[in-house]
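Q: fold the stuff below for me.
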Amino acid sequence: MNRIYALALRLAGVALAAAVVFLGVGVGYGQAPAAEPAPAPAPAKPAAAPPDPFAPEPAPPLPPGMTGSTMNDPRVGLKPGLFDAGEAAMGIEHVAFVKKPDVFSVSPTDPDDPKVQKALGSLGIPPEAKVPKSMALVLAGLAFANSDFAFQGTHLFQGNFYGINFYDISNPAKVTLLTSLVCPGGQGDVSVYGNLLFMSVEMPNGRLDCGAQAFPPNPAPAKGHEHDQQLPVASPDRFRGVRIFDITDIKNPKQVAAVQTCRGSHTHTLVVDPKDKDNVYIYVSGTSFVRQAEELASCSTGAPDKNPDTALFRIDVIKVPLAAPQQAKIVSTPRVFMDARTGALNGLNNGGSHDKGAEKPSDTNQCHDITVYSALGLAAGACSGNGILLDIKDPVNPKRLDAVNDPNYSYWHSASFSNDGTKVVFTDEWGGGLGARCRATDPIKWGADAIFNLKDGKLSLASYYKMPAAQTDTENCVAHNGSLIPIPGRDIEVQAWYQGGVSVMDFTDAAHPVEIAYYDRGAIDPKTIILGGFWSAYWYNGYIYGSEIARGLDVFKLTPSKYLTQNEIDAANLVQVNELNVQNQQKIVWPSQLTVARAYVDQLERSQALPAARIAALNEAIESAQKSHLGKKDITKLHGMAAGVERDASKAKDPADAKRLHALSEILASPAA
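A: From the prediction side, this is the model:
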């Protein structure tokens, strides 16, 4: 979303031409450098109409030696449309769809919809800005864009740039809306813990009281300063940071705290310290401009060599007392990019990017998203120009263990650990969420996942994965948010790709990831890029939930295929959690049930790790024990087979098969009812 944020800020009271210049400098979510003043146009020549930055980009030729997405796929050529687009799926069934509530909706295709101009006004963009119609649609869509999910019990919380929607998912096939909380400010990322709901606010239209009225636009810039960066006029009513709501009454949430931060909260991560039962912590990733000290004392910006107190080059840590959440406050501002040898705060940079105009190295001054894995005491930060690994055993003072960069990466966006903590999947949001980056001419290594092996606190690149089917020039498509699917014996992630749809990746073999399921729709509009597609796709208690930016909420479930058996799906369905915040990754533990054993046997058959006769004997013994409800005779037979399976584990050539055999042996030795 970096291009859209930048544009909205520039349009808030400044000339459209300046907005286009701002986009052109290639600044992402970070603090923009001041642009050089443009020379005044010659009086005799009429001003040219500004280009439309959201017109479809012509597909460039592939760089030498690179390959792009395939055109040989059922997802290619799907009928376009908002609600009636063509669909293609493999290994996934579309269970349900719920439209956005009307108050959160604006037409993504009709620029004359009165709500479009109203939405621009809510972002502080005055009518005199004369926004081109295609750009107006994108910006209006931003004001009401669906964002991330959190889950608790039978409730789903869907963030939105305009607030939060609360859903009842007790019957995933018939999801119902419980309540809508109008509270603008973008981007509305959410987390939940007990009776508390947390919400990220970054954009300057956020108000302390959740009001929907816009702030007055900035005055027109002085002549000759049209291209200068203008910050919003300071206001005591503005809020940028993390809101905390009490949701004890799920239909009547009440804001109990609002913790202001210097850069706002683009995303946040809920951190639970196993040693601290009285508090939770919030890691705040602020990616926007630093606000003025007149609006929030102690905020200052600038290069760290000139201002060691700069609000750049850090994250914020908020401590939330569970018994008194109104006392939540920032307790540390870790300098996670520091060079430990020199003490320089700007100790990391991207090493240069493949993006045009960004070939020179750029210092990393922000994290976009941080995933914590408290059971391992680790966090993986996707931080602009770098992927970083953190030690979070002391959650207030995270320490960097390692950092990597990659010339194939443009903007490190999010991260997931494998369940055993031996791998990390980082995503690259090349194009900022509004670029068509999955065309046949877009390199398959750009805007992709990078899979790293993790050993002894060090990351090493294993491979890349990208949703393989070519998308059109009008489909924003790039790697975005996903989560693990708890299939035992395999590392599998479901992931959103904006208008590229939903893709399910097996990265058990880190060097050779493969797609095993997908769902896709045709472009929202065949002529122009519209802000839409899947922001997040997460597994929760047997279903995949997709946060669709423009349309609403989709529900899916996995179906058997040559890549995935019903036994594997059934084993995944046994893993039930009461709460899920994907960036607070939980260790998956499978019950010692024979359904899980059958999943392992299916995998061993697929990999040909055991002879067919052994596979048949195992299946027969397990099925007999299930039918007898763990009868004594059948249990004795399983016990007898366990030792042989364990011997097979010690001789297995494939480490993944060795783990499966060992886990299977443990279940056969002690099966649970």
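
Q: got the residue ranges for the strands in the stretch 201-350 of the chain?
A: Ranges of strands within the stretch 201-350 of the chain are 241-246, 254-260, 267-271, 279-285, 316-321, 329-332, based on DSSP state E, counting those that start in this stretch.

Q: out of the ones you listed, nearest to residue 668?
A: strand 267-271 (37.9 Å; CB to CB). All C-beta spots, glycine's among them, are computed from the backbone N, C-alpha and C.

Q: buried residues in the longest helix belonging to the chain?
A: Across the chain, the longest stretch assigned as helix under DSSP state H is helix 632-651. Judged by neighbour count (16 or more other CB atoms under 10 Å), helix 632-651 contains these buried residues: 634-635, 637-638, 641-642, 645-646, 648-649.

Q: and for that helix, what's in contact with it?
A: 609-610, 617-618, 621-622, 624-625, 628, 658-659, 661-662, 664-666, 668-669, 671 (CB atoms under 8 Å, 6 or more residues apart in numbering).

Q: show me what contacts residue 383?
A: 336-337, 348, 364, 366-368, 412.

Q: of those, closest to residue 301?
A: Among the contacts of residue 383, and counting by CB to CB, the member closest to residue 301 is residue 366, at 12.2 Å.

Q: and the closest one, what's its pLDDT?
A: Here, the pLDDT recorded for residue 366 equals 97.

Q: before we move on, the earlier item: of the contacts of helix 632-651, buried ones?
A: For these, a neighbour count by 16+ other CB under 10 Å gives the buried set as 609-610, 618, 621-622, 625, 658-659, 661-662, 664-665, 668-669, 671.

Q: how far away from the center of its chain is stretch 288-302?
A: In terms of CA atoms, centre = their mean, to the nearest Å, the centre of stretch 288-302 is found 27 Å from the chain centre.

Q: export it as CSV, just CAs?
A: Presented in CSV, the C-alpha positions along stretch 288-302 are these (Å, rounded to 0.1, in the frame of the first residue of the first chain):
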residue,chain,number,x,y,z
SER,A,288,4.7,6.7,7.6
PHE,A,289,6.1,10.2,8.1
VAL,A,290,7.1,11.4,11.5
ARG,A,291,4.6,13.8,13.0
GLN,A,292,5.5,17.3,14.3
ALA,A,293,6.5,17.9,17.9
GLU,A,294,3.7,20.4,18.0
GLU,A,295,1.3,17.4,17.7
LEU,A,296,3.2,14.9,19.7
ALA,A,297,6.0,15.9,22.0
SER,A,298,9.3,14.1,21.7
CYS,A,299,8.8,13.3,18.0
SER,A,300,11.6,14.4,15.7
THR,A,301,12.9,13.3,12.4
GLY,A,302,16.1,13.4,10.3
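
Q: which secondary structure elements does whichever helix or strand comes after the longest helix of the chain contact?
A: Counting by DSSP states H and E, the next helix or strand C-terminal to helix 632-651 is helix 655-669. Counting contacts by 3 or more CB pairs under 8 Å, 6 or more residues apart in numbering; DSSP states H and E, helix 655-669 is packed against helix 594-606, helix 632-651.

Q: count of residues packed around residue 256?
A: Residue 256: 17 surrounding residues under other CB atoms under 10 Å.

Q: so it touches residue 243, yeah?
A: No - assessed by CB atoms under 8 Å, residue 256 is found out of contact with residue 243, at 9.1 Å.

Q: low-confidence stretches in this structure?
A: 1-55 (pLDDT under 70).

Q: residue boundaries of the helices in it?
A: So, for the chain - with DSSP H - the helices run 2-11, 16-24, 114-122, 133-143, 566-573, 594-606, 612-627, 632-651, 655-669.

Q: out of those helices, which is closest to residue 193?
A: helix 566-573 (24.5 Å).

Q: list the buried ones in that closest one?
A: For helix 566-573, the neighbour count (16+ other CB under 10 Å) marks 567-573 as buried.

Q: for those, give me JSON lines that also has distance to residue 532.
A: Formatted as JSON lines, the buried residues of helix 566-573 follow (distance: CB to CB, whole Å):
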{"residue": "567", "distance to residue 532": "36"}
{"residue": "568", "distance to residue 532": "32"}
{"residue": "569", "distance to residue 532": "29"}
{"residue": "570", "distance to residue 532": "34"}
{"residue": "571", "distance to residue 532": "34"}
{"residue": "572", "distance to residue 532": "29"}
{"residue": "573", "distance to residue 532": "30"}
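
Q: and which of these is nearest to residue 593?
A: residue 571 (8.0 Å).

Q: what about the closest residue in space to residue 603 that isn't next to it in sequence, how many neighbours?
A: Distances taken as CB to CB, 6 or more residues apart in numbering put residue 489 closest to residue 603, at 4.9 Å, once the chain neighbours are dropped. By the criterion of other CB under 10 Å, residue 489 has 24 neighbours.
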